[in-house]
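> Quick one, what's the 3D model for this:
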Amino acid sequence: MELSIAEKINALAEKYRDYTAENLSKLVRIKSLSCQEEKVQHELKRQMEEAGFDEVRIDGLGNVIGRIGSGKRILAIDGHTDTVDTGNLDNWDFDPLGGEIKDGFVHGRGTVDQEGGPAAFVTSGKILKELGLAKDLTIYFVGSVMEEDCDGLCWKYLIEEEGLKPDFAISTEPTNLNIYRGHRGRMEMHVHFYGVSSHGSAPERGKNAIYMASRAALEIEKLNERLKHDDFLGKGSVTISEITSGSPSLCAVADYARIHLDRRLTWGETKGSAVKEIEAIIQGMNAKVTILNYNEKAWTGLEYGMEKYYPTWKIPEDHEIVQTGAEAYKALFEQAPLIDKWTFSTNGVTINGFYGIPTIGFGPGNEVLAHAPNEKVPIDHLVKASAFYAAFAAAMQA
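Purely as a prediction, here's the structure:
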């Protein structure tokens, strides 16, 4: 009896188990902080070429773009290759840049967040080519940059500068092999407080900006408790992550203070509504709210940026892309997937949040290990992820 497409895909994903793990190990061994991804990008490009992709190139921002197929419908599979730093090495039980393959895991920084996704999608491309499953679809496999510093910036560049606008997309951020269909948005704000300095021996002559900031901080703490709640995405949140101040002298009243707000936005909350909430708190104070901007040089030398506002997004569970993902999952693994959401933010803020491209998430690894010491990903997850991406692409052509 001839094997089904799902059976053929599973067999090849298992056949290439060691290949996928070794490719990930090679990526992990290259330190790749945001804006410093050059070496890891060239290694990913080499892996795509070795896997037989139809075309592989690096764009002006430094994203690696591999293509398979030339059909009218376009699928993009995204995974960022920049990682956070290793932190305190005393907290690690193994070399975070060792890429050790042991006991059924690949170990090291970036295995979960999130070079495991690109390693798996390279194998899925190899499977698609081997089985001839990309006849009526164009698939772009994107190893994206600068995500840890500015979620979605890479896709702003891809869509606005490269003209790459897929019909639908998969994010390979870690989902513990569940299908995710959204997450809260976020934004970064500064609140500036302007006081009047005086000699520290006579503080009544001045107006202390730190006191203003402190009063506002206590109200912001209360604001967090009454923010909106969404049945799927959960509650919005706001927290103060930094406070700074300035004065002519440590023997003077502070004439300036600033607080940094990390604001997580649930469904129905927007940039405008979040700013208005803070403006209401500081009303009557000599203070103002600003939204931060990100503008840095990519490893290519190109300077590029965006406002640090990342919209909330979610896809209806009955949407074609979610249901296609669920059917592909069932065909491969003979059970229904858990359909859920991320707690953190991804490039989906731009792909879907700004540009409305239907997007789901499916990735190897558990997000609780993202940015944590002793990060490692099960090789079984890499195998299943590589099968899923290939099966999803095949299903989108059925």
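> CA atoms for contacts and neighbours, from now on please.
OK.
> Whatever helix or strand Gly143 lives in packs against which elements?
Assigned by DSSP states H and E, Gly143 belongs to strand 137-144. With contacts taken as 3 or more Cα pairs under 8 Å, 6 or more residues apart in numbering; DSSP states H and E, strand 137-144 sits against strand 64-68, strand 73-80, helix 116-131.
> now, of these, which is deepest in the fold?
A comparison of the helices and strands packed on strand 137-144 by mean neighbour count, using mean count of other Cα atoms under 10 Å, puts helix 116-131 on top with a mean of 27.
> Tell me, how many residues neighbour Lys228?
By other Cα atoms under 10 Å, 15 other residues sit near Lys228.
> no no, Glu147
Other residues lying near Glu147 total 23 when counted by other Cα under 10 Å.
> separation between it and Thr350?
For Glu147, the distance to Thr350 under the criterion Cα to Cα, to the nearest Å works out to 11 Å.
> now do Arg181
Here the criterion is Cα to Cα. By it, Arg181 lies 14 Å from Thr350.
> Name the residue in the two with the higher neighbour count.
Here Arg181 and Thr350 are compared on neighbour count by other Cα under 10 Å; more neighbours surround Arg181, at 27 against 23.
> how about Gly305, what does it touch?
Residues touching Gly305, when contacts are defined by Cα atoms under 8 Å, 6 or more residues apart in numbering, comprise Leu153, Asn293, Tyr294, Asn295, Glu296.
> Just the residues you listed: which are in helices?
Cross-referencing the contacts of Gly305 with the helices (criterion: DSSP state H) gives Leu153 as the overlap.
> Only the buried subset of the contacts of Gly305, as a ChimeraX command please.
Applied in ChimeraX, the following selects the buried portion of those according to 16 or more other Cα atoms under 10 Å:
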select :153,296
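> Would you format the contacts of Gly305 as CSV with pLDDT included?
Formatted as CSV, the contacts of Gly305 follow (pLDDT from 0 to 100):
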residue, pLDDT
Leu153, 98
Asn293, 98
Tyr294, 97
Asn295, 96
Glu296, 97
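> In strands, which of the contacts of Gly305 fall?
Cross-referencing those with the strands (criterion: DSSP state E) gives Asn293, Tyr294, Asn295, Glu296 as the overlap.
> Would you mind naming the residues that bridge with the last one?
For Glu296, the beta-bridge partners are Tyr304 (DSSP bridges).
> returning to that earlier point: would you tell me which of the helices and strands packed on strand 137-144 gets closest to Gly356?
Go through the helices and strands packed on strand 137-144 one by one with Cα to Cα and the one that ends up closest to Gly356 is strand 73-80, at 13.7 Å.
> before we move on, back to that, quick check: which of the helices and strands packed on strand 137-144 is nearest to Ala213?
Going through the helices and strands packed on strand 137-144 one by one, with Cα to Cα as the measure, strand 73-80 comes closest at 37.1 Å.
> Would you mind confirming that Pro364 is in contact with Val377?
Yes - in terms of Cα atoms under 8 Å, Pro364 counts as a neighbour of Val377; the distance is 6.9 Å.
> so what sits against both of the two?
Listed as contacting both Pro364 and Val377 by Cα under 8 Å, 6+ apart are Val112, Gly116.
> Find residues that contact each of Glu147 and Thr350.
Common neighbours of Glu147 and Thr350, using Cα under 8 Å, 6+ apart, are Leu153.
> can you give me the helices for the stretch 201-350 of the chain?
Secondary structure of the stretch 201-350 of the chain (DSSP state H, counting those that start in this stretch): helices at 209-225, 271-281, 320-333, 348.
> With respect to Gly234, which of the contacts of Gly305 is nearest?
Ranked by distance to Gly234 (Cα to Cα), those are led by Leu153 at 25.0 Å.
> Next up, the contacts around the closest one.
The neighbourhood of Leu153, defined by Cα under 8 Å, 6+ apart, consists of Met146, Glu147, Gly305, Met306, Asn347, Thr350.
> Spell out which two among those are the most distant pair, please.
Distances among the contacts of Leu153 were taken as Cα to Cα; the most separated pair is Gly305 and Asn347, at 14.4 Å.
> which of the residues in the helix or strand hosting His42 are buried?
Assessed by DSSP H and E, His42 sits inside helix 38-50. Residues of helix 38-50 classed as buried under the neighbour-count rule (16+ other Cα under 10 Å) are Glu38, Val40, Gln41, His42, Glu43, Leu44, Lys45, Gln47, Met48, Glu49.
> How about stretch 88-98?
Phe94, Pro96, Leu97, Gly98.
> Adding mean pLDDT and distance to Ala213, write the helices and strands packed on strand 137-144 out as CSV.
Rendered in CSV, the data for the helices and strands packed on strand 137-144 read as follows (pLDDT from 0 to 100; distance: least, Cα to Cα, whole Å):
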stretch, mean pLDDT, distance to Ala213
strand 64-68, 98, 44
strand 73-80, 98, 37
helix 116-131, 98, 43
